[in-house]
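*Asks:* Just to be clear, the model below is a prediction. Sequence and coordinates:
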Amino acid sequence: MSTVALPTPTPTPTPWRSDAAVIGLVGVAHSISHFSQLLLAPLFPWLKVEFGVSYSQLGFLLTLFFVTSCIVQAASGFLVDRHGPRPVLLLGLALLGVAALGYAASTSYAMLAGFSVLAGMGNGVFHPVDYTLLNRKVHKSRLGHAYSVHGVTGSLGWALAPAMLVPITLVSNWRVALVCAAVLAFSVLALVLWRKDVFELKADVQPNPAAGSVGAVAESSLAFLKLPAVWTCFAFFFFYAGALSVVQSFAPQAAGKLHAVPPQWVAICLTVYMVCSAAGMVLGGFLVGRVQASERIVGIAFGVAASLALVLGFASLHAAAVPVLFGLMGFVTGIAGPSRDWLVKQATPAHASGRVYGVVYGGLDTGQALVPLLIGALMDAGAYRSVWVALAVLQGVLILSAFRVNNASVARGGLAVSR
């Protein structure tokens, strides 16, 4: 059976300053992606009053965002492979800036919904762009650190949104806050235009030389969809996003109900989780060195996280212990981040990095769009322990998925992996 070879490592290390520029600037752009995902959620109390809608209707705006992002993410991977990452990134940042301005100018729920779709389109380009740039411009010896910085900047983008939008809204109003968000997105767009050399990468599309028809070329460009590792990675990210959405949306409230946690402590649980997750990603970057160990790092990390979830769900805890356990859970899941990205790199065939990352990371948007519907029903029913059981189950599935990704990548007759 024929094999598809992965891109070979750069023969000699590129200058560290060059790699640092790529890693840093890609990270800054990536932070805007995560920032855009939380443009509306922190403002729900004000939007609810302004438009006279329910929280369910406001939540549906997030579903629109992530469903659109999933579709666009898969499609944008093909654009990255054909036209290179820079123009696709510029388009995504521009769409996010316009969407933020559109939110600010909205006078109806329908307008919010329309701009949620536009924002989802902008958000959908980042993972194919980012990982194509990192994998092809950063030397292999620094990829672990590149992945950790990428994860850290994403977490900081999540943290920045409420920290920026809520104070501005309290001082002025929610419309001004969203205009400020648009200014931030356009500022990063200007940075990418200024440092366009860092984001420039020759498009890498190689049609099937043995076939002369358009149909044969199209079939060749879609051949990566037949690889089991691609769909195993998609499943991994579906469950990963599902677990993350539980933590971001429902876990703090569920813990608060179970352990009589004061509201102000409930409010900081997610912040503690994200900050500790960022710290874990920094450590995780140093652990990425051998492909054979990556799946074990992911497995151990999520095994510990699942155990902590069960402790939070069933142990008798003092309220002060809850934010501490959130921090520990965030730290161990953060450690898994760079190894997780390394596993996906091993499943990426040559000349299809944008397409693979577009499809694989579509699992993130799908999980964030669907899993909260189930967990929200558990919360409405008062089944707070079941929320933690569901989180532990999702984290347990991630352990199995990590080993399946690795096995699919190195199986005989599968991908030819460079060790």
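*Replies:* Noted; the coordinates are in hand.
*Asks:* Domain map for this protein?
*Replies:* For the chain, automatic domain parsing gives the domain ranges 16-194, 223-414.
*Asks:* what distance separates the start and the end of the shortest one?
*Replies:* Right, domain 16-194. The first residue of domain 16-194 is 21 Å away from its last residue (CA to CA, to the nearest Å).
*Asks:* average pLDDT for it?
*Replies:* In this model, domain 16-194 carries a mean pLDDT of 88.
*Asks:* Adding mean neighbour count and distance to residue 200, write the domains of the chain out as JSON lines.
*Replies:* For the C-beta atoms, the positions are set from N, CA and C on the backbone; glycine is no exception. Listed next are those as JSON lines, based on neighbours: other CB atoms under 10 Å; distance: least, CB to CB, whole Å:
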{"stretch": "domain 16-194", "mean neighbour count": "20", "distance to residue 200": "5"}
{"stretch": "domain 223-414", "mean neighbour count": "21", "distance to residue 200": "15"}
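*Asks:* Spatially nearest residue to residue 75 (excluding sequence neighbours)?
*Replies:* residue 358 (6.9 Å; CB to CB, 6 or more residues apart in numbering).
*Asks:* That neighbour and residue 34, how far apart?
*Replies:* Relative to residue 34, residue 358 is positioned 18 Å away (CB to CB, to the nearest Å).
*Asks:* give me every residue that touches residue 41.
*Replies:* The contact partners of residue 41, by CB atoms under 8 Å, 6 or more residues apart in numbering, come to 62, 161, 162.
*Asks:* I misspoke; the intended subject was residue 273.
*Replies:* Listed by CB under 8 Å, 6+ apart, the contact set of residue 273 reads 247, 326, 327, 329, 330.
*Asks:* same thing with residue 262?
*Replies:* Residues near residue 262 by CB under 8 Å, 6+ apart: residue 319.
*Asks:* cool, residue 397 as well?
*Replies:* When contacts are counted by CB under 8 Å, 6+ apart, residue 397 touches residue 239.
*Asks:* and it, what element?
*Replies:* Here residue 397 sits within helix 384-410, counting by DSSP states H and E.
*Asks:* what's the offset of that helix from the middle of its chain?
*Replies:* 17 Å (CA atoms, centre = their mean, to the nearest Å).
*Asks:* How about stretch 87-104?
*Replies:* Chain-centre distance of stretch 87-104: 18 Å, with CA atoms, centre = their mean.
*Asks:* that older thread, need the contacts of residue 41 in a markdown table with secondary structure and distance to residue 297, can you?
*Replies:* Listed next are the contacts of residue 41 as a markdown table, based on DSSP: H, G, I helix; E, B strand; the rest coil; distance: CB to CB, whole Å:
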| residue | secondary structure | distance to residue 297 |
| --- | --- | --- |
| 62 | helix | 31 |
| 161 | helix | 29 |
| 162 | helix | 30 |
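*Asks:* Nearest to residue 155 among these?
*Replies:* For those, the closest approach to residue 155 (CB to CB) belongs to residue 161, at 11.4 Å.
*Asks:* Enumerate every residue touching the closest one.
*Replies:* Here residue 161 is in contact with 34, 35, 37, 38, 39, 41, 42, 181 (CB under 8 Å, 6+ apart).
*Asks:* Of these, which belong to helices?
*Replies:* 34, 35, 37, 181 (DSSP state H).
*Asks:* Rounded mean pLDDT for the helix holding residue 397, please.
*Replies:* Mean predicted lDDT for helix 384-410 stands at 82.
*Asks:* Just the helices from the stretch 101-250 of the chain, written as ranges.
*Replies:* 109-123, 126-137, 143-171, 174-194, 196-199, 214-221, 228-249 (DSSP state H, counting those that start in this stretch).
*Asks:* send the alpha carbons of the fifth one over as PDB?
*Replies:* Extracted in PDB, the C-alpha atoms of helix 196-199 (Å, rounded to 0.1, in the frame of the first residue of the first chain):
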ATOM      1  CA  LYS A 196       3.800  40.600   5.900                       C
ATOM      2  CA  ASP A 197       7.200  39.000   5.400                       C
ATOM      3  CA  VAL A 198       6.700  36.900   8.500                       C
ATOM      4  CA  PHE A 199       3.300  35.600   7.300                       C
END
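*Asks:* Could you pull out the buried residues of it?
*Replies:* Neighbour-count burial for helix 196-199, with 16 or more other CB atoms under 10 Å as criterion, is recorded at 198, 199.
*Asks:* what's it in contact with?
*Replies:* With CB under 8 Å, 6+ apart, helix 196-199 has contacts from 21, 22, 25, 26, 85, 86, 89, 133, 192.
*Asks:* Just send the residues you listed back as CSV, with secondary structure and distance to residue 228 too.
*Replies:* Shown next, in CSV, are the contacts of helix 196-199 (three-state DSSP; distance: CB to CB, whole Å):
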residue, secondary structure, distance to residue 228
21, helix, 36
22, helix, 31
25, helix, 34
26, helix, 29
85, helix, 26
86, helix, 32
89, helix, 30
133, helix, 26
192, helix, 35
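*Asks:* In TSV: those residues, plus distance to residue 385.
*Replies:* Shown next, in TSV, are the contacts of helix 196-199 (distance: CB to CB, whole Å):
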residue	distance to residue 385
21	48
22	45
25	44
26	41
85	45
86	48
89	43
133	43
192	46
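*Asks:* which one of the residues you listed sits closest to residue 254?
*Replies:* Minimum distance to residue 254 across the contacts of helix 196-199 is 35.1 Å, recorded for residue 26 (CB to CB).
*Asks:* so the closest one sits right up against residue 134, yeah?
*Replies:* Yes. Judged on CB atoms under 8 Å, residue 26 makes contact with residue 134 at a distance of 6.2 Å.
*Asks:* shared neighbours of the two, which are they?
*Replies:* Residues touching both residue 26 and residue 134 (CB under 8 Å, 6+ apart): 146, 150.
*Asks:* The nearest residue to residue 249 once chain neighbours are set aside: which element?
*Replies:* Once flanking residues are discounted, residue 249 sits nearest to residue 372: 5.5 Å by CB to CB, 6+ apart. Following DSSP H and E, one finds residue 372 within helix 362-380.
*Asks:* Which neighbouring elements make contact with that helix?
*Replies:* The contact analysis (3 or more CB pairs under 8 Å, 6 or more residues apart in numbering; DSSP states H and E) places helix 362-380 against helix 55-83, helix 228-249, helix 384-410.
*Asks:* Name the nearest residue to residue 175, sequence neighbours excluded.
*Replies:* residue 104 (4.6 Å).
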